[in-house]
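Undergrad: Structure, please.
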Amino acid sequence: MVRTLQLENLSLSIKKDIVLENITMDMEPGKIYGLIGRNGAGKTSILSLIASFRKPTAGGVLIDGRNPFEDEALMPKVDFLYEVDYSAEMETAQDMFDDAQRYKPAFEMEYAHELMDGFGVVKDKAINELSKGQQAAVSATIGLATNSPITMFDEITNGMDAPARKYFYKQLLAANERHPRIFILSTHLVSEMDYLFDEVIIIHKGAVKLQEPMDQLLERGFSVTGTEENVAQFTKGMKMLGTERLGPTRSDMVLGRLNESQLMELETLDLKISPVKLQDLFIRLTDEDREGVK
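TA: From the prediction side, this is the model:
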């Protein structure tokens, strides 16, 4: 059991390039964390440091207050699953499950077989003979079946078709119910996976832009819909995410929170309000051409 995962003033430089700078965050079991950021933001570097694939330049990773790097007791408690080139891999999925069972004490073989059946992937075929989506399913199965207290998936659904992704999301939620752990998902499929996240961590240019509970983050913005004239009147001077029009109807996505007087004005102007999507907020919060949100 892991009680806390902490990153304290974590920094990473490769040669003269600063990849990560002063990353600080706390995570706890039972939550699914969405780690999102633009390409090159530093997401994979953070996961690699947590997995002890490399050492930080400064600061550190702490699991229950201990540094996991080269710690034989802690390293088996962390799993990092990512897209792998299996073109030269002759092992079968079952061979990989056998390896996992040797090194991961909580690995459930029967559960792994159930997951593979659910994905519709055979266990006794060489990995390099499987499709990209099937290979991804094998990696996803290992991550779920090891029951590691810290389980990280980096773009793990690459290559999966829509039904396989949907099945994975369902099993991810079920796995966290069965054995609560720290799940970290790094993905570009923000709009498809946002309902999974308990907390969202946005990484931008090697730094943490924010870490917030999903429901709190979504309160940062809203969409307001109504007639062209009334919507334009209401949103004048507000920070805009974008505007959509359909005939006489206009919908503005706005960054900010509403006060009591604005809520009353909504009724007066006969406007409807709805939550803004995480992907729209993410794009806005990492848009270099606009002022950031405090």
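Undergrad: Report the beta-bridge partners for residue 126.
TA: On the basis of DSSP bridges, residue 126 is bridged to residue 92.
Undergrad: Does it touch residue 91 like I think?
TA: Yes - with contact defined as C-beta atoms under 8 Å, residue 126 reaches residue 91; the gap is 7.1 Å. All C-beta atoms are positioned from the backbone trio N, CA, C, and that covers glycine.
Undergrad: Check for me that residue 45 belongs to a helix.
TA: Yes - per DSSP: H, G, I helix; E, B strand; the rest coil, residue 45 lies within a helix segment.
Undergrad: What separation is there between it and residue 282?
TA: Relative to residue 282, residue 45 is positioned 19 Å away (C-beta to C-beta, to the nearest Å).
Undergrad: Kindly report the same for residue 149.
TA: 28 Å.
Undergrad: likewise residue 164?
TA: From residue 164 to residue 282 the distance is 24 Å (C-beta to C-beta).
Undergrad: was I right about residue 278 contacting residue 193?
TA: No - applying C-beta under 8 Å, one finds residue 278 not in contact with residue 193, separated by 9.2 Å.
Undergrad: What about residue 43, how many residues nearby?
TA: By the criterion of other C-beta atoms under 10 Å, residue 43 has 23 neighbours.
Undergrad: Going by secondary structure, residue 273 is in what exactly?
TA: Residue 273 is part of strand 272-275, with elements assigned from DSSP states H and E.
Undergrad: From the contact counts, what lies against the helix or strand following that strand?
TA: Once the chain leaves strand 272-275, the next helix or strand it forms, by DSSP H and E, is helix 278-285. Applying 3 or more C-beta pairs under 8 Å, 6 or more residues apart in numbering; DSSP states H and E, we find helix 278-285 packed against helix 190-193, strand 199-204, helix 214-218, strand 221-227, strand 239-246, strand 249-255.
Undergrad: Name the residues of the last one that are buried.
TA: Read it as strand 249-255. Residues of strand 249-255 classed as buried by neighbour count (16 or more other C-beta atoms under 10 Å): 250, 251, 252, 253, 254, 255.
Undergrad: same deal with the first one?
TA: Neighbour counts over helix 190-193 (16+ other C-beta under 10 Å) mark 190, 193 as buried.
Undergrad: what mean pLDDT would you report for that helix?
TA: Helix 190-193 comes out with an average pLDDT of 94.
Undergrad: With only the CA atoms kept, save that helix in PDB.
TA: Provided in PDB are the C-alpha atoms of helix 190-193 (Å, rounded to 0.1, in the frame of the first residue of the first chain):
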ATOM      1  CA  VAL A 190      -8.700  14.900 -23.500                       C
ATOM      2  CA  SER A 191     -12.300  15.200 -24.700                       C
ATOM      3  CA  GLU A 192     -12.700  11.400 -24.700                       C
ATOM      4  CA  MET A 193     -11.100  10.600 -21.300                       C
END
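Undergrad: all strands for the stretch 51-200 of the chain, in order.
TA: With DSSP state E, counting those that start in this stretch as the criterion, the stretch 51-200 of the chain has strands at 58-63, 78-82, 150-154, 182-186, 199-204.
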